[in-house]
Structures are given as structure tokens and as C-alpha cells.
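Chemist: Fold the following and give me the result.
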Amino acid sequence: MIKHIFSDMDGTLLNNACQISDGNVKAIEDSQIPFTLVSARSPKEMVEVIDKLHLTEPQIGFNGGLIFQKVDGEIRSLKSETIDFSEVERIIQVVKDKFKKTSYSFYDLNNWYVEKIDKGIEYETEVGGQTPTISEFASLFKQKLSVFKIMLITFDETEMENLVNELNQFNPGNLSIYQSTPTYLEITSTNAQKHLGIEYIKDLENLQTNELAAFGDGLNDLSMLQNVGTPIVMENGFESLKKHAKYITKDNEHDGVAYGINQYLLNKKTGI
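Modeler: Down below sits the predicted model:
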């Protein structure tokens, strides 16, 4: 019996317009199984879905860097893993000096900081829904903020390849550098891992691995899928990820999460 469901957002729970469908909402609510979003997004980029699903359980943001609950309209941190601030300064400077086609920004708990609005920032604003805070980074660096994620965006394939190689070369070992899409490079603490967030909630609720299910589509979902009893991969997911699935569900444009819940977790032959 599944007692907790975990789900990635983009490419999984959300459709290609970054919206959650009524079908997915209904299936999640009707299941009455506790549900946790597991995303690289910031809490503010997750709140709309949290509210639509009326979720009160712990949620996982920043790819596992923050475990939180929304309580009385506020984000309450339960566990956090941030990036060494010296690394934030160093990475931003490298990007500014060498990668002129790359948008750079970073997040603390409540804000998404940018120095300028460019094509990449405009794109992320539309996709994620969070309004950026425009500020000179030199002044921010003096404040020693608690940074959860650095986000780098480029639409140039060669620049992305060079950017990944450059940053991996001087990673001191305490950074997780992952290309979540062809245009996005996201950097978090090495302790910000989706499966560690799941382990935290598993221990908090005294659950067993075979009582957990998860939905995902991307390579950064692999550790999450490997740490639940029922891993479900979207039809639109990476082919290399599908070999780790117990089930393959429909794609994110056709209520794949709803289908997976009804067909594989609840054994409802609904014909969705």
C-alpha cells in the first residue's frame, strides 16, 4: 500500500505550458495519499501548485536543498542546504568574464536575484512565474546571503558545452552542477539531492521504502526514483531513465501522473 507520493514538477506533473491539469488535481485529491512536490524550483515557483492541491505535507525545493511547509501563507523551512557564498561569487564572476551569452542569477529563500533582464531571465520569468529582484551583485555579495541555487541559462549549445566543462574543472567537490535542460545549468550544494529530501520525509513519517512512489522524467530524478518502492517514469522521460522504472505512464501532456496514480497505485482501470 502506497502511503506517500513524490513527484517532479516540470515535464512530469506540469504540462508543457507549466500548468497542472484538472485531471492531475482530481486524481491526487481523490487518492487521499500524502503528496510531495520534488523540484529544482524555488518555493515561490511551487506555491501555485501547492495551493491548487491544498498540500500541507513537507515539500522539497531547490532539488533537495530545501524541505519546507507552507504554513499560514508563509514558507517554513524544515531543513536547508546552501552553497558556500565564496563559490557563488567565484562562479558568477567566471560567467560574467567568459560567457557573455549566458544569463546568470541566484536564489535565497525568498528572492531570485538578477543584475539585468535579458532573454534568459525573461524566459525563466515566464516559465517559473517568480518576479526577479534586480540588484547590483557587488552589494549583495557583501551581505553573505544564504544561497540555495545558482541558475545559468544560455540558448547557445556550444556556449553551454563550454560552460559545463569550465565549471566542472574547478568544482572543489562541494557543488552539484547539473544541466537540467539543453538551456539550463543549475548549481546547488552537493547535499541538495532529491533522494535526501525523500529520506528526510520517510524518517519523519516513519515510512518504509515499499510504501513510497515517485514520478519523474529527467536525469536529476534518478536518485529519487531509486529510493522508492514504486518508481514511475513519464512517457516523455529520458530513455535511459525508463530502465529504472517499475511502470511507464502517459506523458505530461496527457495527465500521466493521474494515469499512474489510478492505474498503478490504486489499480483503478479508468481508461484515462
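Chemist: With only the CA atoms kept, save stretch 66-73 in PDB.
Modeler: Provided in PDB are the C-alpha atoms of stretch 66-73 (Å, rounded to 0.1, in the frame of the first residue of the first chain):
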ATOM      1  CA  LEU A  66      15.200  23.000   1.000                       C
ATOM      2  CA  ILE A  67      12.500  21.000   2.700                       C
ATOM      3  CA  PHE A  68       9.600  23.200   3.700                       C
ATOM      4  CA  GLN A  69       5.900  23.500   4.500                       C
ATOM      5  CA  LYS A  70       3.600  26.300   3.700                       C
ATOM      6  CA  VAL A  71       2.000  27.400   7.000                       C
ATOM      7  CA  ASP A  72      -0.400  30.300   7.300                       C
ATOM      8  CA  GLY A  73       0.700  31.600   4.000                       C
END
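Chemist: Now that stretch: buried residues?
Modeler: Across stretch 66-73, burial judged by 16 or more other Cβ atoms under 10 Å covers 66-70. C-beta coordinates here come from the backbone N, C-alpha and C atoms, glycine included.
Chemist: Same question for stretch 225-234.
Modeler: Of the residues in stretch 225-234, those buried by neighbour count under the rule 16+ other Cβ under 10 Å are 225, 227-228, 230-234.
Chemist: just the strands in the stretch 101-250 of the chain please.
Modeler: Ranges of strands in the stretch 101-250 of the chain, per DSSP state E, counting those that start in this stretch, are 103-107, 112-114, 133-134, 149-153, 175-179, 184-189, 212-216, 230-234, 247-249.
Chemist: For Asn252, which residues are in contact?
Modeler: 11-16, 217, 234, 236 (Cβ atoms under 8 Å, 6 or more residues apart in numbering).
Chemist: Apply 6 Å and report the result again.
Modeler: Asn252 sits next to 11-12, 15, 234, 236 when contact means Cβ atoms under 6 Å, 6 or more residues apart in numbering.
Chemist: Could you identify the most distant pair in the buried residues of stretch 225-234?
Modeler: Farthest pair in these (Cβ to Cβ) is Asn227 and Met234. Separation: 17.9 Å.
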